[in-house]
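> quick one, fold the following:
(one chain, ligands or ions: 1)
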Amino acid sequence: MNPPDPRWYKDAVLYEIPVKSFYDSNGDGIGDLPGLVQKLDYLKDLGVDCLWLLPFYQSPLKDDGYDISDYYRIHPDLGTLEDFDRLIEEAHRRELRVIADLVLNHVSDQHPWFQEARADPASPRRPWFVWSDTDRKYAGTRIIFLDSERSNWTWDPVAKQYFWHRFYSHQPDLNYDHPPVREAMKEVIRFWLRRGLDGFRCDAVPYLFEAEGTSSENLPATHAYLKELRRMVDSEFPNRVLLAEANQWPSDVKAYFGEEDEFHMAFNFPLMPRIFIALAKESALPIRELVAQTLPIPASCAWGVFLRNHDELTLEMVTDEERDFMYHEYAKHPKMRLNLGIRRRLAPLVDDDRRVMELLHGLLLSLPGVPILYYGDELGMGDNIYLGDRAGVRTPMQWSPDRNAGFSRADPEQLYAPVIINPNFHFESRNVESLRRMPPSFLNWLIRQLRVRRRYSKVFGRGTIEFIDTPHPKVLIYRRSFEGTELLCLFNLARAPSAVELDLSGFRGYTPVEMVSEAPFPPIGELPYFLTLAERGFYWFRLDPPAASRPDDGPR
Ligand code: NOJ
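Residues are numbered from 1 along each chain as shown. Prediction:
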């Protein structure tokens, strides 16, 4: 890959892919690695830089692969190690990077480590897991999968002890107090990075260690171990990236950056629900407040900004009042809810409102950090709330109006999940081929927007942000600046048009140039700058200095 800038991730756009959902190359109804290779040109064309693959390892698939039974093998439904190597090679040939999920906290109860551990109290594997004779220990620890689990302890009749698990009861937590576990996971990391992977999205990192009298989250021992991993990766595998999944309050997530010695990136979990709250309340404040709380971060670090992912839209890190509000606004049907969250895709969440889809992506692509797109959201793909757990947001990718949305040549009933046929989101019109043919489609709009973002990826990815005050509470305005390039982004969260007067006195003589069309607006003069925005409308402007006010001369 060229050039090997160690901070490449800061300028990137990520794209999240469950391999089984993307493209089925062998007609068995399940997407696979060779299928993904066939679709790399699409992803390149879309304009993303790095793929994040959901777990593809050997697994009984009771948690869609987050229940690993062999870290060194690929699930046979998804391909082989050779297929993986080919994917890396083909992706890199196209200047696409690839990161994969690394599940550190737990394994499947089918994993031989657990099978050996439970079978014999004297087994050297026994201390690899967290056992107890009572289910009372670590009582201060919350339960995450509230809809399915009643305790973090499950009685194992074979071991004749309880074992500890933060997620499903078929996912025993590894015991990180036990040094061989810590070393074993380093070996897993080495194995995949040696094969050319560009990094990991590290699952559930706050929960590695537990301690009595605490919440067993974000413990100092956990941070210490994560720093150890970072040291190892930096010294043995330059230019890789580690992305933390730490669903925590702002100050607790920020801690995962350490002093540039822990994670390069962390998902901005606290920001995501505030974007939806801001939209429903037609108020700029929730976003402003959250961005202020999540900045600054160390220079080499970056937030991963996202709207949706493969899980429920989590509402763990909001107040009770905010959660009630979100349920009321976005999950009226009980089937739309799961645990403390909402199991819907982006387009259905916003009633397929095109303006809102654009507004949200305008924000996603311009807020500080690395935007992360979820497969299919670029099509405005629908969901299926009648499928269990989170399966409704993981249905087959829609490629064409053909059988199975062009995802697979299997019989429709053989697909791992049905394609979306709800009339409002039917795959016959909502698919890559049809949308690419229609110039004003959302997909084409997003491709254009991503191209514009790419030209300014340094400003958006590395630049500063400064909010601009306006008396209008429904309009969010910020400046993004980097090495002399000045961008001005305005978002009208209101359901009605808005007019704003801006104090841009520091930019007298500059010309705002709308960045998609390159259309120049009137230069900034003595008086407050007056702008109108359509309902849910947004603008990205480049502020060209007086000497270069003709669009062709402006900084790029
Ligand atoms: C977080 C993952 O995103 C989710 O899909 C999974 O169920 C849990 N970790 C448990 O592994």
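> flag every buried residue along stretch 416-433.
Judged by neighbour count using 16 or more other Cβ atoms under 10 Å, the buried positions of stretch 416-433 are 416, 417, 419, 420, 425, 426, 427, 430, 431, 432. Backbone N, C-alpha and C define where each C-beta goes, glycine included.
> now those residues in CSV, with secondary structure?
Below are the buried residues of stretch 416-433 laid out as CSV (DSSP: H, G, I helix; E, B strand; the rest coil):
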residue, secondary structure
416, coil
417, coil
419, coil
420, coil
425, helix
426, coil
427, coil
430, coil
431, coil
432, helix
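> distance to residue 144 and pLDDT added to these, as TSV?
TSV is the format used below for the buried residues of stretch 416-433 (distance: Cβ to Cβ, whole Å; pLDDT from 0 to 100):
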residue	distance to residue 144	pLDDT
416	25	98
417	24	98
419	30	98
420	28	98
425	30	98
426	35	98
427	33	98
430	33	98
431	35	98
432	35	99
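> and which of those is nearest to residue 292?
Set against residue 292, the nearest of these by Cβ to Cβ is residue 425 (36.1 Å).
> what's the local residue count around residue 186?
Other residues within reach of residue 186, judged by other Cβ atoms under 10 Å, total 16.
> contact partners for it?
Residue 186 makes contact with 229, 232, according to Cβ atoms under 8 Å, 6 or more residues apart in numbering.
> can you give me the buried ones in whatever helix or strand it lives in?
Per DSSP states H and E, residue 186 falls inside helix 179-194. Residues of helix 179-194 classed as buried by neighbour count (16+ other Cβ under 10 Å): 181, 182, 185, 186, 188, 189, 192, 193.
> try stretch 326-344
By neighbour count with 16+ other Cβ under 10 Å, stretch 326-344 contains the buried residues 326-327, 330-331, 336-344.
> just put these in TSV and tack on secondary structure and pLDDT.
Below are those laid out as TSV (DSSP: H, G, I helix; E, B strand; the rest coil; pLDDT from 0 to 100):
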residue	secondary structure	pLDDT
326	helix	97
327	helix	98
330	helix	98
331	coil	98
336	helix	98
337	strand	97
338	strand	96
339	coil	93
340	coil	94
341	strand	97
342	strand	98
343	coil	98
344	coil	98
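> now render these as JSON lines, adding distance to residue 373.
What follows is these, written out as JSON lines (distance: Cβ to Cβ, whole Å):
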{"residue": "326", "distance to residue 373": "22"}
{"residue": "327", "distance to residue 373": "25"}
{"residue": "330", "distance to residue 373": "20"}
{"residue": "331", "distance to residue 373": "22"}
{"residue": "336", "distance to residue 373": "22"}
{"residue": "337", "distance to residue 373": "24"}
{"residue": "338", "distance to residue 373": "22"}
{"residue": "339", "distance to residue 373": "24"}
{"residue": "340", "distance to residue 373": "24"}
{"residue": "341", "distance to residue 373": "19"}
{"residue": "342", "distance to residue 373": "19"}
{"residue": "343", "distance to residue 373": "18"}
{"residue": "344", "distance to residue 373": "16"}
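> quick check, residue 288 in contact with residue 468.
No: assessed by Cβ atoms under 8 Å, residue 288 is found out of contact with residue 468, at 10.5 Å.
> who in this structure is up against the ligand?
Residues of the chain found near the ligand (Cβ under 6 Å from any ligand atom) are 63, 66, 103, 167, 203, 204, 310, 311.
> ok, the residue in the stretch 1-150 of the chain positioned nearest to the ligand - how many residues close by?
For the stretch 1-150 of the chain and the ligand, the shortest gap (Cβ to the nearest ligand atom) falls at residue 66, measuring 3.3 Å. With neighbours defined by other Cβ under 10 Å, the count for residue 66 comes to 24.
> tell me if I'm right that it and residue 55 touch.
Yes: counting by Cβ under 8 Å, residue 55 is a contact partner of residue 66 at 5.6 Å.
> between the two, which contacts overlap?
By Cβ under 8 Å, 6+ apart, the residues touching both residue 66 and residue 55 are 101, 103.
> so residue 378: helix, strand or coil?
helix.
> need the helices for the stretch 251-400 of the chain, in chain order.
Ranges of helices in the stretch 251-400 of the chain, per DSSP state H, counting those that start in this stretch, are 271-281, 285-294, 320-330, 346-349, 354-364.
> tell me which of those helices lies nearest to residue 527.
Closest to residue 527 of the helices of the stretch 251-400 of the chain is helix 285-294 (Cβ to Cβ; 25.3 Å).
> which elements pack onto the helix or strand that comes right after the helix holding residue 186?
From helix 179-194 onward toward the C-terminus, using DSSP H and E, the following helix or strand is strand 199-203. Judged by 3 or more Cβ pairs under 8 Å, 6 or more residues apart in numbering; DSSP states H and E, strand 199-203 is in contact with strand 97-103, helix 179-194, strand 241-244.
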